[in-house]
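Chemist: Predicted model and sequence below, questions to follow.
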Amino acid sequence: MELAQIGAERTKNVLILMSDTGGGHRASAEAIRDAFRIEFGDEYRVGLPRVCERFGWPLNDMERSYKFMVKHVQLWKVAFHSTSPRWVHNLYLAAIAAFHAKKMEAGLKKYKPDIIIGVHPLMQHIPLWVLKWQNLQKRVIFETVITDLGTCHPTWCEVSKRASADGLEPSRIRVFGLPIRPSFCRAVLVKDELRKELEMDPQLPAVLLMGGGEGMMGIDSLFLF
């Protein structure tokens, strides 16, 4: 279903589901929100509620748990790989969905979304199951935006080829870059002028090191002084 098919007789509601587990999910969500404002103006009302905080454990504890695990890499590794098999995460997420279905249902009734966009792996299965239980799958557009550039956890349905291998129809997959804030794609910058403004040596290459929103991976150890 395309956006134009929703109808233009009223302002449409867009619900972006995310969690502050790292900075990337929020950054992508805010970039999508800003793009909606630029492209569609008042035609769409976009909300970014902190959904996880409204639920009980373990969803309401995700941010704290994430910050703890990324500082203890082996624990993160165990959690990542132990929940990767489909039967494991399907069972785990089904249990969470059943336990928190009423609160998720109440949230959907409150926001009355025409479109739901999930930018976090745990914000896919649960709302989709609730939509199915409410018989709203055909009335509410559900989109997934994958914000991981590399190896994804299978709860993402993974990236293009792996999604196809898992049975997702090719017509339902679109490959783009990460969502970026409009200010980045609209800015016209001259590299030489920017280097001068930032007091960078014009003869040396610039290298950007990134380690996630929580500063994981010990980036500082890569610097050579």
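Modeler: Happy to help now that I have it. Numbering: from 1, shown residues only.
Chemist: Quick check: next helix or strand after the helix or strand of the chain with the lowest mean pLDDT?
Modeler: The weakest-scoring helix or strand in the chain, judged by mean pLDDT, DSSP states H and E, is helix 160-165 (a mean of 66). Where DSSP states H and E defines the elements, the next helix or strand beyond helix 160-165 is helix 182-186.
Chemist: Point out the other helices and strands that that following helix packs with.
Modeler: If you count contacts as 3 or more C-beta pairs under 8 Å, 6 or more residues apart in numbering; DSSP states H and E, helix 182-186 packs onto helix 24-40. Where C-beta positions appear, they are placed from N, C-alpha and C, glycine not excepted.
Chemist: Run the chain-centre distance for the helix it packs on.
Modeler: 11 Å (C-alpha atoms, centre = their mean, to the nearest Å).
Chemist: That one packs against which elements?
Modeler: Applying 3+ C-beta pairs under 8 Å, 6+ apart, we find helix 24-40 packed against strand 12-17, strand 44-47, helix 182-186.
Chemist: And those: which comes nearest Leu91?
Modeler: strand 12-17 (21.2 Å; C-beta to C-beta).
Chemist: partners of the closest one, with directions?
Modeler: strand 44-47 (parallel), strand 115-118 (parallel) (DSSP bridges).
Chemist: And the most centrally placed residue in the chain, its phi and psi?
Modeler: Averaging the C-alpha coordinates of the chain gives a centre point, and the residue nearest to it by C-alpha atoms, centre = their mean is Val119 (1.8 Å). In this entry, Val119 is assigned phi and psi values of phi -120, psi 20 (degrees, to the nearest 10).
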